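Participant: I would like to see how this sequence folds:
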Amino acid sequence: MDDGKVCRECDAMEGKIFEHMEEIPDDLHPNCRCYVEEIDLNVA
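Facilitator: Down below sits the predicted model:
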């Protein structure tokens, strides 16, 4: 989300892939707009 309102912490998370649910951080800060999207890496 490049709307000029993204903080450094959230910008660093852009496109990051987590292999285990336990690795996904909770909201980084109040009013955080980050979200997790599940993808299937086995789809060709």
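
Participant: For the closest residue to residue 13 other than its chain neighbours, what is the enclosing helix or strand?
Facilitator: Spatial nearest neighbour of residue 13, chain neighbours left out: residue 34 (5.7 Å); criterion: Cβ to Cβ, 6 or more residues apart in numbering. Just so you know, the C-beta spots here come from the backbone N, C-alpha and C atoms, and that holds for glycine as well. Per DSSP states H and E, residue 34 falls between elements, in no helix or strand.

Participant: Run the chain-centre distance for stretch 14-28.
Facilitator: Its chain's average C-alpha position is 6 Å from that of stretch 14-28, according to Cα atoms, centre = their mean, to the nearest Å.

Participant: now do the same end-to-end measure for it.
Facilitator: End-to-end distance of stretch 14-28 (Cα to Cα, to the nearest Å): 13 Å.

Participant: buried set for that stretch?
Facilitator: For stretch 14-28, a neighbour-count test (16 or more other Cβ atoms under 10 Å) marks nothing as buried.

Participant: I'd like the average pLDDT over that stretch.
Facilitator: Stretch 14-28 comes out with an average pLDDT of 86.

Participant: ok, now stretch 34-42?
Facilitator: Across stretch 34-42, the per-residue pLDDT values average to 85.

Participant: And the helices in the protein, which stretches?
Facilitator: Residue ranges of the helices in the chain, as given by DSSP state H, are 8-13.

Participant: what's near enough to touch the residue nearest in space to the middle of it?
Facilitator: With distances taken as Cα atoms, centre = their mean, residue 13 lies nearest the centre of the chain, 4.7 Å away. Counting by Cβ atoms under 8 Å, 6 or more residues apart in numbering, residue 13 touches 25, 28, 34.

Participant: Number of residues surrounding the last one?
Facilitator: The local packing count at residue 34 equals 19, with neighbours defined by other Cβ atoms under 10 Å.

Participant: That one: what's it in contact with?
Facilitator: Residues in contact with residue 34 (Cβ under 8 Å, 6+ apart) are 10, 13, 27, 28.
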